[in-house]
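> Sharing a model prediction with you, sequence too.
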Amino acid sequence: MTAAQRTAGLLEGWFPSAARPLPWRTNTHDPGQVRDAWGTLVAEVMLQQTQVSRVVPAWLAFMARFPTPGALARAQEEEALAAWSGLGYYRRARLLHAAALRIVAEHHGLTPTDPRALRALPGVGRYTAGAVASIAAGAPAAIVDGNVLRVLARLHARPGAAGWAPLVRWAWAQSERLVAAASRPGVCNEAIMELGATVCTPAAPACVRCPLAGQCRARALGAPERFPAPKARAARTDLHALALVLRDASGRVLCQRRAPGGLWGGLWQAATLESAAPIDDAGAHAWARMRGAGAGVRPLGGFVWLTTHRRVRFRVWGGAGVCCLRRRAAQSAASPAAPPTRWVSPAELAQLPMGSAQRRVFELAGVGAADPRPAAAQPRGPLP
Ligand code: SF4
């Protein structure tokens, strides 16, 4: 028996009793059954950038609304963005919508399970294709994400930092070896992901509960958490955002749609001025008046929002006295160059596709409810 066969066998034997009961996992204990490929694809896309605890309710709601690729393809992109609300990284929702359109056009509405066909879908990379192909169809397709790389690096005491290209290449080769040796590649893949998420964690691996403890070189060296070395994180750049929350006499608020692409692309927000440099009170006041705010406009508060690459320092201004904004909104709607602008009731506001930071802006102004989730949660994500 090769080392890869032994490792695969240990992982496959461990997984049925250790797997968390997640809703996209069905028939976990029955190797003769396969998983729904569409549900698996949706779960894997959501899990790329978001923590499991947040994905579970979002996945259930998304699948209830879009149980098939056809259901998502029939919806407008904006509906997909609204259903993604609170998950962050909305580009994934746009790409999943595009993938659904492609599945309907090229695969008769059936999610492919061939790794090459999967990779041809918008937004599906090598990791996601391998996960869906192996889990939903039992294909011997390799996977490497942060969890898998960590387990493999420790198992072999392989030096190098987490994002280092040679280490990532080595991990892909190891994963290919592992699934080729596995009798159930999908179970083997899910098991190593689960092991990295629940046992072989970054700071405090629970080696006493690990099925691979007997063959783990990092554990034998006495300091498994040293593998892999921490990834050098690029410094976040500061962005200053002045958000203006304006209401009309009937209590509606003014919303503006961001340009597609880039940070929070295509999502709705309060009228917002962004700048690399801080915006002082005089500048904020002048801009708010230019946007049509009345003399009573004033600062309401602020907060810092962290994204992967930015530290966004929000200042929220608001107030009444917006008589001329109705005209501006109408002008904006008529101009293709201007961002789409819309007056909405608080109930409509709750339905607009909007990031959690933008919801917090409105909450600070006393409109709508903030997303209770933390601003800077750093979930797992695929490696390049
Ligand atoms: S023995 Fe410890 S370090 Fe090695 S794979 Fe298992 S949990 Fe990770």
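Nice, I can see it.

> The chain against the ligand: which residues are in contact?
Contact residues (Cβ under 6 Å from any ligand atom) of the chain with the ligand: 151, 154-155, 199-200, 205, 207, 210, 212-213, 216, 218-219, 224. Any C-beta I mention is one placed from the backbone N, CA and C, and that applies to glycine too.

> and the two most separated of those residues?
V199 and A218 (13.3 Å; Cβ to Cβ).

> Need the three-state assignment for the residue nearest to the spatial centre of the chain.
Nearest residue to the geometric centre of the chain (Cα atoms, centre = their mean): Q49, 3.2 Å. For Q49, the assignment made with DSSP: H, G, I helix; E, B strand; the rest coil gives coil.

> Can you check the pLDDT for it?
At Q49, the pLDDT value in this model is 82.

> Same check on the one 4 residues further on?
At S53 the predicted local confidence, pLDDT, stands at 93.

> which strands and helices sit next to the helix or strand hosting it?
Following DSSP states H and E, one finds S53 within helix 52-65. Judged by 3 or more Cβ pairs under 8 Å, 6 or more residues apart in numbering; DSSP states H and E, helix 52-65 is in contact with helix 37-47, helix 77-83.

> Output the ones you listed as CSV; include the columns mean neighbour count.
Compiled in CSV, these are given as follows (neighbours: other Cβ atoms under 10 Å):
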stretch, mean neighbour count
helix 37-47, 24
helix 77-83, 20
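
> any chance of those helices in TSV, with distance to A19 too?
TSV is the format used below for the helices and strands packed on helix 52-65 (distance: least, Cβ to Cβ, whole Å):
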stretch	distance to A19
helix 37-47	14
helix 77-83	27
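
> Lowest average confidence across those helices, which one?
helix 77-83 (a mean of 92).

> what does that helix rub up against?
For helix 77-83, the surrounding residues in contact (Cβ atoms under 8 Å, 6 or more residues apart in numbering) are 61-62, 65-66, 72, 90, 93-94, 96-97, 266-267, 351-353.

> The chain: strands as residue ranges?
Using DSSP state E, the strands of the chain run over 237-246, 253-257, 268-269, 271-275, 298-306, 310-319, 341-344.

> Deepest in the core, which of these is it.
Here the criterion is mean neighbour count by mean count of other Cβ atoms under 10 Å, and of those the winner is strand 268-269, at a mean of 24.

> Does anything pack onto that one? Which helices or strands?
Right, strand 268-269 is packed against strand 253-257, helix 356-364 by 3+ Cβ pairs under 8 Å, 6+ apart.

> Next, format these as CSV and append mean pLDDT.
Putting these into CSV (pLDDT from 0 to 100) gives the following:
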stretch, mean pLDDT
strand 253-257, 92
helix 356-364, 92
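
> pLDDT below threshold where in this structure?
27-34, 320-338, 368-384 (pLDDT under 70).

> quick check: domain ranges of it?
Domain assignment for the chain by automatic domain parsing gives 3-226, 237-364.

> Pick the most buried one from the ones you listed.
Of all the domains of the chain, as judged by average neighbours under mean count of other Cβ under 10 Å, the leader is domain 3-226 with a mean of 19.

> And it, how far out from the chain middle?
Domain 3-226 sits 14 Å away from the centroid of its parent chain (Cα atoms, centre = their mean, to the nearest Å).

> what's the span of it from first residue to last?
End-to-end distance of domain 3-226 (Cα to Cα, to the nearest Å): 23 Å.

> Can you give me the first-to-last residue distance of stretch 79-98?
13 Å.
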